[in-house]
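Asker: Sequence and computational prediction follow.
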Amino acid sequence: VTALSSPHNYLSSLSNIDLNHGQMMTPPIVPSTSTTHPSAGYEVVSTPTFVTSKSLSLEVAQDIAIKTTQVCRMNKFQPMTVVVLDSAGHLIVQHRMDGCHPGALPMSIAKANTCIQFGMSSRTYFTKYLSPSSTPDVYVRLVNQLMILGGTVAAFQGGILLRDQEGNCVGAVGVSGAAGDEDEYCGLMGIQRSPLANNAVLTDPAEHSCKTCVA
């Protein structure tokens, strides 16, 4: 990217035209760096053209979903649906166990989407907006968020946010079909038993609250 050295120099160069060939002389240019504008006195700072981000791969997402359903079977919970979203909220994989009720699919997506949109687990979202101490204005904000996001928000357990060591979101897991704390437990165990366990990925919540798990 290049920038003119100053508006004055550019206007002056317009008079440098070769009348025989009808060509205008090229105005002087300088690289776009951190400089001070000569007339206005403001600083022009160059910025990066691209921003990179991390996200889960298909292979890791598949493994999380498989491990989550395995934990569900081991604990004899009700059949579940598991979805894994990337850091932008796009679906990577969706696994629906045999016998899982149809409503579990949109619920699992809503749980994972809550994590992506608000940077917190669906359990934390519940605590923030639906705790006994919540005031009426908090409920109004919750309703507005539900309307703006088309209802794809879930204020109960089962949505797990994934972050790297720098705190950047890398994806989310949504589980639905059993009780909320059982959904959350299976999702957390699926993550911990996947290749992500070797990459020190942080989860929100960090610990489960399930009282019915046995494996």
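Answerer: Done, it's in.
Asker: Grab the nearest non-local neighbour of the most centrally placed residue in the chain.
Answerer: Nearest residue to the geometric centre of the chain (Cα atoms, centre = their mean): residue 87, 3.4 Å. Of all residues not flanking residue 87 in the chain, residue 55 sits nearest, at 4.4 Å (Cβ to Cβ, 6 or more residues apart in numbering). C-betas here are computed from N, CA, C, even on glycine.
Asker: re the thing from before, what does the residue nearest to the centre of the chain show for phi and psi?
Answerer: In terms of degrees, to the nearest 10, the main-chain angles of residue 87 are phi -70, psi -20.
Asker: residue contacts, residue 211?
Answerer: With contacts defined as Cβ atoms under 8 Å, 6 or more residues apart in numbering, residue 211 is in contact with residue 181.
Asker: Which pLDDT value belongs to it?
Answerer: We note a pLDDT of 95 for residue 211 in this prediction.
Asker: separation between the residue nearest to the centre of the chain and residue 145?
Answerer: For residue 87, the distance to residue 145 equals 20 Å [Cβ to Cβ, to the nearest Å].
Asker: ok, now residue 183?
Answerer: 21 Å.
Asker: So if I had to pick from the two, which one is more boxed in?
Answerer: Neighbours per residue, other Cβ atoms under 10 Å: of residue 183 and residue 145, the larger number sits with residue 183, 33 against 17.
Asker: ok, the more buried one - contacts?
Answerer: Contacts of residue 183 by Cβ under 8 Å, 6+ apart are 80, 108, 111, 157, 158, 175, 176, 177.
Asker: Okay, buried residues for stretch 160-167 please.
Answerer: Across stretch 160-167, burial judged by 16 or more other Cβ atoms under 10 Å covers 160, 161, 162, 163.
Asker: export these to CSV and tack on pLDDT?
Answerer: Conversion of the buried residues of stretch 160-167 to CSV gives the following (pLDDT from 0 to 100):
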residue, pLDDT
160, 98
161, 98
162, 97
163, 95
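Asker: ok, so of those residues, who is nearest residue 214?
Answerer: Distances from residue 214 to the buried residues of stretch 160-167, taken as Cβ to Cβ, are shortest for residue 160 (20.4 Å).
Asker: check contacts around the residue nearest to residue 87.
Answerer: Residue 55 makes contact with 86, 87, 88, 170, 171, according to Cβ under 8 Å, 6+ apart.
Asker: So it, which state does it fall into?
Answerer: Assigned with DSSP: H, G, I helix; E, B strand; the rest coil, residue 55 falls in the coil class.
Asker: That one and residue 185, how far apart?
Answerer: 25 Å.
Asker: just to revisit the earlier point, restricted to strands, list the contacts of residue 183.
Answerer: Within the contacts of residue 183, residues falling in strands by DSSP state E are 175, 176.
Asker: all strands of this protein, in order?
Answerer: 2-4, 17-18, 23-24, 29-31, 35-36, 43-44, 81-85, 91-96, 159-163, 169-176, 202-204.
Asker: all helices of the chain, in order?
Answerer: Assigned by DSSP state H, the chain shows helices spanning 7-13, 58-74, 104-118, 122-129, 136-148, 180-192.
Asker: Now the third one: average pLDDT?
Answerer: Going back to what we said before, that points to helix 104-118. Per-residue scores along helix 104-118 average to 97.
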